[in-house]
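Student: here is a sequence together with a model predicted from it:
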Amino acid sequence: MLALRGIEKAYPLAGGTLPVLKGIDLNIEQGEMVAIMGSSGSGKSTLLNVLGLLDGFDSGGYDLDGVDMSGLSEKQAARYRSLFLGFVFQSFNLISFKTAVENVALPLFYQKVPRRERQKRAMEMLGKMGMDDRADHLPSELSGGQKQRVAIARALITEPRVILADEPTGALDSSTSQDVVSVLREVNGSGITVIIVTHEADIAAKCDRTIRLHDGVIIEDGRSGDVVEPTANGAGSTD
Amino acid sequence: MFNRETWIEIAHTVTANPLRTALTGLSVGLGIFILVVMQGLGFGLQNGVEQDFADEAKNTIWVRTGTTTLAHRGRQPNRYIELRDEDEERVTEQVVETPAVSGRLSMWGSTVQYKNEQGNYPLMGVEPDFAELDLIPLEGGRWLHQDDVEKESKVCVIGENVINELFKQRSPIGEYIILRGITFRVVGHFAKNGRWGNSMVYIPMTTMQRLFQGNDAIGSMVLSTGDRDLEASTAMVDAIDGDLRLRHAVHPEDQRAVRVRDNQEEYAMFDRIFKGIRLFIWVIGGFTLLAGAIGVANIMAIVVKERTVEIGVRKALGATSGSILSLIVIEAVCLTLISGALGLIAGVATLNYAAPYAQHDYFTDPEVNLRVTVTALVVLVLAGALSGLVPALRAVRIRPIEALRYE
């Protein structure tokens, strides 16, 4: 489903560049639930952004559903994002002046789905998230967990093949975090690939597979039970 | 493009910071208000002058005389130059060809009596061509004929004011009035704008000369230039002026003794002046609008900055650069158009309210025509689009990941 081959990415700095991803090779199959872990600056969010076509890469190759994503125009990237990918952000990123249902329906607007259809599907999706009674509430009227449920509903509304979640529980308490992960697990249960960037081991433990990054390199990639807490230098160690 | 979502976005932008929006809108609204009012004043001035010109045909030359101010060919100054029949004959038979000519000998404050009613009105002796030269709109009866001039008939054509005051709305045709003690038959009446036009009593020139003047003086003279262009009519003026100065021994530099005015040239001069005024008004209005448009561009730049993360989210959700661009440009156009339309309405309302209080000989009907209104609206839309375009282009250049990282 997603295949990265030797992906390299560096950010320009004054007087040079800062390499962030150093030859990432990665395959993620349809229906997997993958956690990407790593210390701050390890490149995990950059990797997620490359996977989500939000950011480009300097060299290497990326196939999404068998299609080469190298050298996509902005418009093509927007189309692939719209058709294949759904995003969940740490800070929810709901649009403040739109109600929950309007936020959920927004991706369908960019797919030119008629308004009535958008409204109907958004309400159904909110219902699945147990949020239909909050449909007309503004984000400011929702709790953190409720906002993230709305954000997940928004990510799912276009029936994407992959959900990319960047620290989806980073702004939530532990109880709500578990709740959100359960929702993502349910989403994954319907066959959608879920990729979560997290620094929380208990969140990663709920996933099928954990990839650990250190200094732009994958240092561990295995079943979640097999990949364990990092040491001080970021490298993992087995219990 | 104009769906519910678009209007929600616009409403949000407008209401998110009402004071900022109001001040920005005020700058645009004030700009268009000033433009409209200035245009209205310009038109008022133009209408006033055009109305003044409308009282007489544009293709006419008016010859007037006065007292000499310079000695010439052994003649002392302060000599009154009086036009006579022979001047008119010489000018029209030997100097220039003209399709219409008339002398105009007037007597102000002449007593006119009809039965028990009487009043003072200006009396003017003219020839049949005068109706065409002075654009006299006949409302009833007939104008003076050549036969009236040849027979020195005691007939007259009177203005609307005379009818209203002496005849009390009754038809005056065929009625007899007493002019300076002599009975005249009313053969026609007219209604004409202007200060004196409607109060005038016209009689045949020969009757005027014989009964009230006692000689063949014709006062002043008006001639038609026909279909001559400005250059040819100017040549006609020069020929008449030169001939009269030669015949009456008037110094070439004497500006008061002989005055030959070309209506066509004067109209062209006023036209040039008004074109200049209109251009000046558009330039001033344009700069005022530009200031408003810069204000809108400024607010849109702030809006884009404030909504950078949101733009990133939208792009992540599938928004294309085109949809972001159109959203911001439409917001700017709407902001400009709404505030501009309010300025336009306020400007038109002000002119409409002020118009009745601003009537003067050289200033009338300070209106804003459809062309100006449409132009102003087009300018507003363009100004709005341009003011939104720069921040919109900046917004679409933001990569989604940069926008999402923006704090």
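Tutor: Yep, that arrived. Numbers count the residues shown, from 1 in each chain, chains lettered A, B, ... in the order given.

Student: B:I182 contacts B:I203, correct?
Tutor: No. If you go by Cβ atoms under 8 Å, B:I182 and B:I203 don't touch, sitting 9.7 Å apart. For glycine as for every other residue, the C-beta is placed from the backbone atoms N, C-alpha and C.

Student: shared neighbours of these two, which are they?
Tutor: B:K154 (Cβ atoms under 8 Å, 6 or more residues apart in numbering or on different chains).

Student: settle it for me: which of those two has more neighbours?
Tutor: Neighbours around B:I182 and B:I203, counted as other Cβ atoms under 10 Å in any protein chain shown, are more numerous at B:I203. The numbers are 29 against 12.

Student: may I see the buried residues of whichever helix or strand that one is part of?
Tutor: Secondary structure from DSSP states H and E places B:I203 in strand B:201-204. With burial defined by 16 or more other Cβ atoms under 10 Å in any protein chain shown, the residues of strand B:201-204 counted as buried are B:201-204.

Student: with pLDDT added, can I get these in JSON lines?
Tutor: Listed next are these as JSON lines, based on pLDDT from 0 to 100:
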{"residue": "B:V201", "pLDDT": "95"}
{"residue": "B:Y202", "pLDDT": "96"}
{"residue": "B:I203", "pLDDT": "96"}
{"residue": "B:P204", "pLDDT": "97"}
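
Student: please go through those and note which also touch chain A.
Tutor: Among the buried residues of strand B:201-204, no residue is within reach of chain A (Cβ under 8 Å from any Cβ of the partner chain).

Student: closest one to A:Q30 out of those residues, please.
Tutor: Closest to A:Q30 out of the buried residues of strand B:201-204 is B:Y202 (102.8 Å), distances taken as Cβ to Cβ.

Student: if I read this right, the closest one contacts B:E127, doesn't it?
Tutor: No. Using Cβ under 8 Å, B:Y202 makes no contact with B:E127, being 10.1 Å away.

Student: anything in contact with each of these two?
Tutor: With the criterion set as Cβ under 8 Å, 6+ apart, the overlap between the contacts of B:Y202 and B:E127 is B:L144.

Student: for chain B, give me the ranges with low pLDDT.
Tutor: Counting by pLDDT under 70, the ranges of chain B that qualify are B:1-3, B:54-55, B:193-196, B:361-362, B:405-407.

Student: spell out which residues of it are next to chain A.
Tutor: B:3-5, B:8, B:12, B:16, B:309-310, B:312-323, B:399-401, B:404.

Student: what number of residues lie near the residue in chain A that chain B sits nearest to?
Tutor: Nearest residue of chain A to chain B (Cβ to the nearest Cβ) works out as A:S82 at 2.9 Å. A:S82 is flanked by 21 other residues according to other Cβ under 10 Å.

Student: so it belongs to a strand, correct?
Tutor: No. Assignment of A:S82 by DSSP: H, G, I helix; E, B strand; the rest coil gives helix, placing it outside any strand.

Student: for chain A, where's the lowest mean pLDDT among helices and strands?
Tutor: helix A:74-84 (a mean of 86; mean pLDDT, DSSP states H and E).

Student: elements contacting the next helix or strand after it?
Tutor: Scanning forward in sequence from helix A:74-84 by DSSP H and E, the next helix or strand is strand A:85-88. When contacts are defined as 3 or more Cβ pairs under 8 Å, 6 or more residues apart in numbering or on different chains; DSSP states H and E, strand A:85-88 sits against helix A:144-156, strand A:162-166.
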